[in-house]
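Asks: give me the fold of what follows.
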Amino acid sequence: MLESKCIIITGEEAGPKSNKMGGIWNVIDAEARNLANLIGEGIIEKETAPRIIVAGPYYGHSGADWNKGLNRITDMSEFDEYEAEGELLEILEILKLRGIESHLGSREIKGIKILYIMFNCKDYCRVLAEYKSKSMSLSNMIKAEAYDLVGLDSMSFEDMSNGVEYTHYLNLSYAISEFIKVAVESREKAATEYHDKAISEFAASLMPTVHVSLHCHEFGTFYALARLEKLGISINTVATYHATLPGRSSGHRSIQKIMENDSSWDSGVPVNLAKLESLSAYSDVVTAVGDSTSKEIKLFYDIDSIIVRNGVDLDDDDIDWEKKMACRKKIQDFLSETMYSVNDGKKIPPEKIIPIFSISRIEIENKGYPDLLDSLVILDRMFKNQIVAGHLDEDYRIVCFIVAAQGPKTELPENFPINLPDEVLVGEEIRLQQMIKEKRLDCPHIPSGSRHVAAVLYPQWISDHDGGLNMSTDEFMAGCIAGVFPSRYEPFLLTGLEAGKEATPSIVSKVCGFSDALKTLKRLVMGMGGVIVVDNINLPYIESISDYALAMDYFIDTYTDDMIKYNLLCQEASLLAGDMSWDDPIKQYYELLTGTRME
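Replies: Numbering: from 1, shown residues only. This next block holds a predicted model:
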């Protein structure tokens, strides 16, 4: 049965498990699981608790994804099979008759079941529908209605270079909103089945009202809440921004735009998607994951928002030191063997290899990869000076993995990514690899000692079967001695928290959305701590990249000379993650969605 109360959490990435760290799926999944935890633990009373539903897209096979480069295939294997019955079955059957097919799954958290409803939106152009007495495809019907309701000019928008993406978001939003519409209207429909008016009214009074709360993450589903508002469907809605499209297009220049109150859009803003993003104005509440995002929403759309920061899941309070040591050894052994196999020169002892990492989308300027590469060159010079001065063993080598990929890859060459032929690379991966080679940071310079610092591009979505390290993201982060996140545009930076969860120290830019939270971090080590913030807003470029190099040198020096102190830095990084768990954000979302005050 569909309970009288339900919270529906949705986003475009809610269908497949995300292979990247810090994606929208991570946030949606965390919200659903942590909400179930609150109910299971009795913090939210079970008797009045809502049903939790996660809704999103379903990509059933290769080629079904609108983004052919990502080629996502929905993986629901981790969920239990779920057979709809009663009112829910009736709702889904109605949708099916209208050409809206769905796939179900469920899982249980502390006795609380989460339902996953994934909509297959791929074939709406082949489904017949009717609008205003005219026969047309379901996809065209959705666009016609959207024009009438909120003025979306789909005839122009679908002809743009990203028209397929726009159409997918519109179709997905329609499917989600139609599911809610049918559910909310089911009470009135059931009552009208009684022919006698008095009996019908009495039956309606006995039926529980369906209270639906809809939480939309990112612009891909904002049309759902706008459509429901325009149709007069009474539900509670929250729209959450993780960034803004004009902000992403401006990148690091968005900070200057905020300071100058410049609301103009750069030429690269996708106008059709930005129009979808602006539909958050129809929501009851708009939230932003950080201060800069909130300012962007006001600047570019003149919409006020509430800040609800992202969090991180913590398995327990204890750091798994054995896991960290085992993962580090695996990475070191891998690098030692592959660099020896691929490059000429002597074999580097595994224990002398110090792995660090950076990971994000392949937005080269926004993610600060040029800054990182320049700082690695400075770090190399610092290392050589320390070796000449006799302060450092000349056998040490620093390897910085740069995990940034256009999409997942298959059939990778042996010894990937140390062996990285040009034909493996696509798009911006090619440019990033060329930048590495131009600065002589590629691995062939490492065995001979002409470079002591290398940057290794890892153009793959990390997993335990990725054809390279074959490690899960948590294992990879646990094994590296530090993370470096030099973003020039970063609304929040979940990856920094994910590193802290694995007790791995990190270096973050001041632009990063959670840098203000570091002020509350309990210090275990005097001076520089387990998370170092580099000012890339106010300082000149040369000073910023020097600070990145000095921060990396600090972690490396502490790791090689004082393991006790290094372990304290790891604990500090873990403390930050602990201070930014999902507990408070989920309580805030629950309060906004239901109007129920949380203590």
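Asks: what sits up against stretch 365-375?
Replies: With C-beta atoms under 8 Å, 6 or more residues apart in numbering as the test, stretch 365-375 has contacts from 248, 251-252, 358, 360-361, 364, 400, 402, 404, 432, 435-436, 439, 441, 455, 484-490, 509, 536, 541, 544-546, 548-549, 552. Every C-beta, even on glycine, is put in place using the N, C-alpha and C of the backbone.
Asks: so which of those residues sit within strands?
Replies: Taking DSSP state E, the ones among the contacts of stretch 365-375 that sit in strands are S358, C400, I402, A455, V484, F485, S509.
Asks: returning to that earlier point: now the buried members of the contacts of stretch 365-375.
Replies: Using 16 or more other C-beta atoms under 10 Å as the burial test, these include 248, 251-252, 358, 360, 364, 400, 402, 404, 432, 435-436, 439, 441, 455, 484-490, 509, 536, 544-546, 548-549, 552 as buried.
Asks: how about the ones in strands among the contacts of stretch 365-375, which pair is most distant?
Replies: A455 and S509 (17.7 Å; C-beta to C-beta).
Asks: low-confidence regions, this structure specifically.
Replies: Along the chain, segments meeting pLDDT under 70 span 1-3, 14-22, 187-209, 315-317, 513-527, 599.
Asks: switch the cut-off to 80
Replies: Along the chain, segments meeting pLDDT under 80 span 1-4, 13-23, 69-71, 186-210, 313-317, 344-345, 491-494, 513-528, 598-599.
Asks: grab the longest helix from it for me.
Replies: helix 163-191 (DSSP state H).
Asks: which parts of it are buried?
Replies: Neighbour-count burial for helix 163-191 flags 165-184, 186-187, 191 (criterion: 16+ other C-beta under 10 Å).
Asks: just stretch 38-45 next, same as before
Replies: Buried residues in stretch 38-45, counting neighbours by 16+ other C-beta under 10 Å, are found at L38, I39, G40, I44.
Asks: want to try TSV for the residues you listed, with secondary structure as columns?
Replies: Shown next, in TSV, are the buried residues of stretch 38-45 (DSSP: H, G, I helix; E, B strand; the rest coil):
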residue	secondary structure
L38	helix
I39	helix
G40	helix
I44	coil
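Asks: quick check: the farthest pair among those residues?
Replies: Maximum pairwise distance in the buried residues of stretch 38-45, criterion C-beta to C-beta, is 9.0 Å, between G40 and I44.
Asks: who's I109 bridged to?
Replies: I112 (DSSP bridges).
Asks: make sure it is actually in contact with R33.
Replies: Yes: when contacts are counted by C-beta atoms under 8 Å, I109 is listed as touching R33 (5.5 Å).
Asks: burial count for the spatially closest residue to R597 that is not a sequence neighbour?
Replies: Nearest non-adjacent residue to R597, counting by C-beta to C-beta, 6 or more residues apart in numbering: E591, 6.3 Å away. Here the number of neighbours of E591 (other C-beta atoms under 10 Å) works out to 14.
Asks: wait, is E591 part of a strand?
Replies: No: under three-state DSSP, E591 sits outside any strand and is assigned helix.
Asks: how close does it sit to S213?
Replies: 11 Å (C-beta to C-beta, to the nearest Å).
Asks: what's the answer for D374, then?
Replies: Distance from D374 to S213, counting by C-beta to C-beta: 47 Å.
Asks: same question for E81.
Replies: On the measure of C-beta to C-beta, E81 and S213 end up 26 Å apart.
Asks: please apply the same query to L441.
Replies: For L441, the distance to S213 equals 50 Å [C-beta to C-beta].
Asks: in helices, which of the contacts of stretch 365-375 fall?
Replies: R248, L432, M435, I436, Y541, S544, I545, S546, Y548, A549, M552.
Asks: tell me which of those residues is nearest to M477?
Replies: Set against M477, the nearest of the ones in helices among the contacts of stretch 365-375 by C-beta to C-beta is M552 (15.9 Å).
Asks: the stretch 301-450 of the chain: helices as residue ranges?
Replies: With helices called from DSSP state H, counting those that start in this stretch, the stretch 301-450 of the chain shows them at 321-342, 369-388, 428-438.
Asks: so for C125, which of those sits nearest?
Replies: Closest to C125 of those is helix 428-438 (C-beta to C-beta; 30.9 Å).
Asks: which elements pack onto that closest one?
Replies: In terms of contacts (3 or more C-beta pairs under 8 Å, 6 or more residues apart in numbering; DSSP states H and E), helix 428-438 is packed against helix 369-388, strand 453-458.
Asks: redo the ones you listed as TSV? Include distance to T244.
Replies: Below are the helices and strands packed on helix 428-438 laid out as TSV (distance: least, C-beta to C-beta, whole Å):
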stretch	distance to T244
helix 369-388	22
strand 453-458	29
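Asks: ok, C512 - contacts?
Replies: The contact partners of C512, by C-beta under 8 Å, 6+ apart, come to F485, S487, E490, F492, L493, G496, V533.
Asks: in the sheet, who's paired with the first one?
Replies: Beta-bridge pairing for F485 (DSSP bridges): V508.
Asks: distance of it from V511?
Replies: Plainly put, F485 is 10 Å away from V511 if you go by C-beta to C-beta.
Asks: L231 and E145: what is the separation?
Replies: The gap separating L231 from E145 is 9 Å, by C-beta to C-beta.
Asks: and these two? Which one has more around it.
Replies: Neighbours were counted for L231 and for E145 using other C-beta under 10 Å; E145 has more, 19 against 15.
Asks: that older thread, and the helices and strands packed on helix 428-438, which is most packed in?
Replies: Of all the helices and strands packed on helix 428-438, strand 453-458 carries the top mean neighbour count, a mean of 24, counting by mean count of other C-beta atoms under 10 Å.
Asks: helices and strands around that one, which ones?
Replies: Secondary elements touching strand 453-458 (3+ C-beta pairs under 8 Å, 6+ apart): helix 369-388, strand 397-403, helix 428-438.
Asks: about what we covered before: ok, which pair from the contacts of C512 is furthest apart?
Replies: Farthest apart among the contacts of C512 - using C-beta to C-beta - are F492 and V533, which lie 14.3 Å from each other.
Asks: N71 in helix, strand or coil?
Replies: N71 falls in the coil class when you classify it by three-state DSSP.
Asks: residue contacts, it?
Replies: When contacts are counted by C-beta under 8 Å, 6+ apart, N71 touches S62, G63, D65, G407, P408.
Asks: quick one: which of the contacts of C512 is nearest N236?
Replies: When the contacts of C512 are compared for distance to N236 (C-beta to C-beta), F492 wins out at 24.3 Å.
Asks: phi and psi next, for the closest one.
Replies: Note on F492: its backbone torsions stand at phi -140, psi -60 [degrees, to the nearest 10].
Asks: and it, how far from I24?
Replies: Using C-beta to C-beta, F492 is found at 12 Å from I24.
Asks: what's the helix or strand for I53?
Replies: Using DSSP states H and E, I53 sits within strand 51-57.
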